[in-house]
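A.B. asks: 3D, please:
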Amino acid sequence: MEPSTSSNVTDSEFVEIQLDVHEVVPPPHMSTVQKVRTKFKETFFPDDPMRQFKGQPCNRKLILGAQYFFPILQWLPNYNFKLLKADLISGLTIASLAIPQGISYAKLASLPPIIGLYSSFVPPLVYVVLGSSRDLAVGPVSIASLVLGSMLAEEVSPTTESGLFVQLAFTSTCFAGIFQAALGILRLGFIIDFLSKATLIGFMAGAAIIVSLQQLKSLLGITHFTKEMGIIPVMHSVFHHTDEWSWETIVMGISFLVILLLARQISIWKPQLFWVSAGAPLACVIISTIITFVIKGQLHDISIIGKLQQGINPASVNMLLFHGKYLGLTIKTGIITGVLSLTEGIAVGRTFAAIRNYKVDGNKEMMAIGFMNVVGSTTSCYVTTGSFSRSAVNHNAGAKTAMSNLVMSVTVMVTLLLLMPLFHYTPNVVLGAIIITAVIGLIDISAAYLIWKIDKFDFLVLLVAFFGVIFFSVQYGLALAVGLSIFRILLQITRPKTAMLGNIPTTNIYRNLHHYKEATRVPGFLILSIEAPINFINITYLHERILRWIEEEEDTRTENLRLQYVILEMSAVSSIDTSGVSLFKELEVTLKMKGAELVLVNPLAEVIEKLKKADEANDVRTDYLFLTVEEAVAALSSGLKSQPPSTEEEEEEEEKHTLVTEC
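C.D. replies: Residues are numbered from 1 along each chain as shown. Model (predicted):
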């Protein structure tokens, strides 16, 4: 393309001043195989994990490979007594929290309490070997427990069909683990990104309220309670069975709930006193058990846990059901609980890694949590992941490595072997109070307010998740919020943003006319910016929107110049498909009929490559290509022509002249 000059440069100056117009060139040639390989690498391996092996000798590559798949090999060779001391303290601390929480969360999932302790013994052992986080404390969590129990209870009764219910729970856990591990192995972790922050905040807040309301059964001593999760049936059940309320249970429940909430608040006020909230649940269990034993609580309508099986985890491989009419239910339950637990675990791990300035590999975490659940399903465990409350305690207690999980696991093992009879008289009301205290921290009002300030649509998604969980069920609330988020993404794809650009006076900068009020239109030019990829799903909208811009521009004449060039600024168009290429052909045809030309500015590599190929087939003109809007306007301004008056305008002028003559 030959250099040209701006229209405001005189002929004498043109000899001395010429504008350099840079040629738009296609990207370097790549074969189809190279393109596929590059795209595959950037999609699934953006962190390029193989780069650490480049230039290394064979034995070093073997060591690095082993360390990649087994992160324990990275820190174990340098482990010392000082690290062990810190991990021992933090491990014992989180064990004091994990034992009562394990029992409580198992009851939340409508499973026997002992399974909660089983799930706090085996999975941490797997995570110590495969996990990459130093702070993550694994075990049962409230959200996954609630979802697992509620989804299975829709088709199988946990009371009348308890054996089948436990089998389905183990099978769902196995499917959850397979799904999680597959995401890590295939590096498909972006799937969990469909759960936006707004969705998770609304979902967790709604789930926290539902979980808390479900504990009214224990806090009030109600025997016959609804199995539904919605707020309306729960509250109806509460007030429909007022005759079952037990004042002894209510007094004990409120008392220990106040103690637990006060302990939690103390740790919030003074983080160095983290051990207060960490040890409070176990202390309440011990005190309430002693009180119930002394006053013979079962004679006063205080429900107790009862006898718990002693011993470590029995094998449960033979209990997994991979056939029959409940197979679809277990797969669905496994995927949903797997996604939720994976999201929570990775989010918690990354949060504390950022605080301590180290890296957590998301794909390793997916594999670790996945294998943890697969192994757990064969050893009488249900879905486990990284717990926020336990991980916070683990972090504050000074954990240095994942060895703290091993210490916690050994402590739980000792409890399973020797201390189980001590929990016989533990009242269920205290477990309910522990659950309420744990889930109340999931209600993040400040984060919800921040979302309201930043993005109203995200806040709508939050409300949909929140009210969907409260009034329908946890899975429907989650599905509605995810569906609304996907709908927003589709809107952004099908209705990409376009803007009219103008020149900021005394500069060569072009910006949105509606954003920068000082920007002015350039006579004879319509400069538009497309701010999204162009594909088959949005070309109709873009075509109609650009035609509207053109029609509006034609209605406004400046300096007796008609529209002669339509410039499309394409810096934000990262990709284009064959349908998108056809859009330019249609625009060229339309503009030619109006006596104007189409100009493209800064098409990116993929776009320019496809346009060049289309031009070889004589489908699209690529004569007008520029790197910047400034160059395009300057180069084309010299070719602008004044538009002579139209026939209608000439007739109007003649009529005016006749009237003046007659006067």
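
A.B. asks: Nearest spatial neighbour of residue 625, chain-adjacent residues omitted?
C.D. replies: Leaving aside its chain neighbours, residue 625 sits nearest to residue 24 (4.0 Å; criterion: CB to CB, 6 or more residues apart in numbering). To be clear about C-beta, it is placed using only N, CA and C from the backbone, and glycine gets the same treatment.

A.B. asks: just how off-centre is the longest helix along the chain within its chain?
C.D. replies: In the chain, assigned by DSSP state H, the helix with the most residues is helix 327-356. Put simply, helix 327-356 sits 11 Å off its chain's centre (CA atoms, centre = their mean, to the nearest Å).

A.B. asks: Settle this for me: the residue nearest to residue 625 is touching residue 609, isn't it.
C.D. replies: No - with contacts counted by CB atoms under 8 Å, residue 24 stays clear of residue 609, the gap being 11.2 Å.

A.B. asks: how about stretch 458-477: buried residues?
C.D. replies: 458-470, 472-475, 477 (16 or more other CB atoms under 10 Å).

A.B. asks: packing partners for the longest helix of the chain?
C.D. replies: Packing contacts for helix 327-356, counted by 3 or more CB pairs under 8 Å, 6 or more residues apart in numbering; DSSP states H and E, involve helix 142-153, helix 162-185, helix 362-377, strand 385-386, helix 388-396, helix 474-494.

A.B. asks: Quick one: the ones you listed as JSON lines, columns for mean pLDDT and distance to residue 56 too.
C.D. replies: Converted to JSON lines, the helices and strands packed on helix 327-356 look like this (pLDDT from 0 to 100; distance: least, CB to CB, whole Å):
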{"stretch": "helix 142-153", "mean pLDDT": "89", "distance to residue 56": "40"}
{"stretch": "helix 162-185", "mean pLDDT": "94", "distance to residue 56": "23"}
{"stretch": "helix 362-377", "mean pLDDT": "92", "distance to residue 56": "20"}
{"stretch": "strand 385-386", "mean pLDDT": "92", "distance to residue 56": "32"}
{"stretch": "helix 388-396", "mean pLDDT": "84", "distance to residue 56": "34"}
{"stretch": "helix 474-494", "mean pLDDT": "84", "distance to residue 56": "41"}
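
A.B. asks: So which of those is nearest residue 553?
C.D. replies: helix 474-494 (24.4 Å; CB to CB).

A.B. asks: Run through who's touching the next helix-or-strand element following the closest one.
C.D. replies: Following helix 474-494 in sequence order, the next helix or strand is strand 498-503 (DSSP states H and E). Here strand 498-503 makes contact (CB atoms under 8 Å, 6 or more residues apart in numbering) with 509-516, 519-522, 526-531, 542, 545-546, 549, 569, 629, 633.

A.B. asks: Give the rounded mean pLDDT of strand 498-503.
C.D. replies: What strand 498-503 shows for mean pLDDT is 90.

A.B. asks: helices or strands up against whatever helix or strand comes next after it?
C.D. replies: Proceeding N to C from strand 498-503, the next assigned helix or strand is strand 510-512, under DSSP H and E. Strand 510-512 sits against strand 498-503, with contacts defined as 3+ CB pairs under 8 Å, 6+ apart.

A.B. asks: where exactly do the helices run in the stretch 401-550 of the chain?
C.D. replies: Using DSSP state H, counting those that start in this stretch, the helices of the stretch 401-550 of the chain run over residues 403-414, 428-439, 445-454, 456-471, 474-494, 539-554.

A.B. asks: Could you pull out the buried residues of the fifth one?
C.D. replies: If I follow you right, that is helix 474-494. Quick answer for helix 474-494 (16+ other CB under 10 Å): 474, 475, 477, 478, 480, 481, 482, 484, 485, 488.

A.B. asks: Save the residues you listed as TSV, and put in distance to residue 535 too.
C.D. replies: Rendered in TSV, the data for the buried residues of helix 474-494 read as follows (distance: CB to CB, whole Å):
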residue	distance to residue 535
474	35
475	32
477	32
478	29
480	27
481	26
482	23
484	23
485	20
488	18
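
A.B. asks: Out of the helices and strands packed on helix 327-356, which one sits most buried?
C.D. replies: Highest mean neighbour count among the helices and strands packed on helix 327-356 (mean count of other CB atoms under 10 Å): strand 385-386, with a mean of 31.

A.B. asks: what does it rub up against?
C.D. replies: With contacts defined as CB under 8 Å, 6+ apart, strand 385-386 is touched by 133, 136-138, 141, 144, 341-342, 344-346, 348-349, 369.

A.B. asks: now stretch 434-448
C.D. replies: So stretch 434-448 is contacted by 100-101, 104-105, 108, 142-143, 197, 201-202, 204-205, 207-209, 211-212, 215, 219, 257, 260-261, 264, 281, 284-285, 388-389, 459, 462 (CB under 8 Å, 6+ apart).

A.B. asks: ok, of these, which come out buried?
C.D. replies: Here, 16+ other CB under 10 Å leaves 100-101, 104-105, 108, 142-143, 201-202, 204-205, 207-209, 211-212, 215, 219, 257, 260-261, 264, 281, 284-285, 388-389, 459, 462 buried among the contacts of stretch 434-448.
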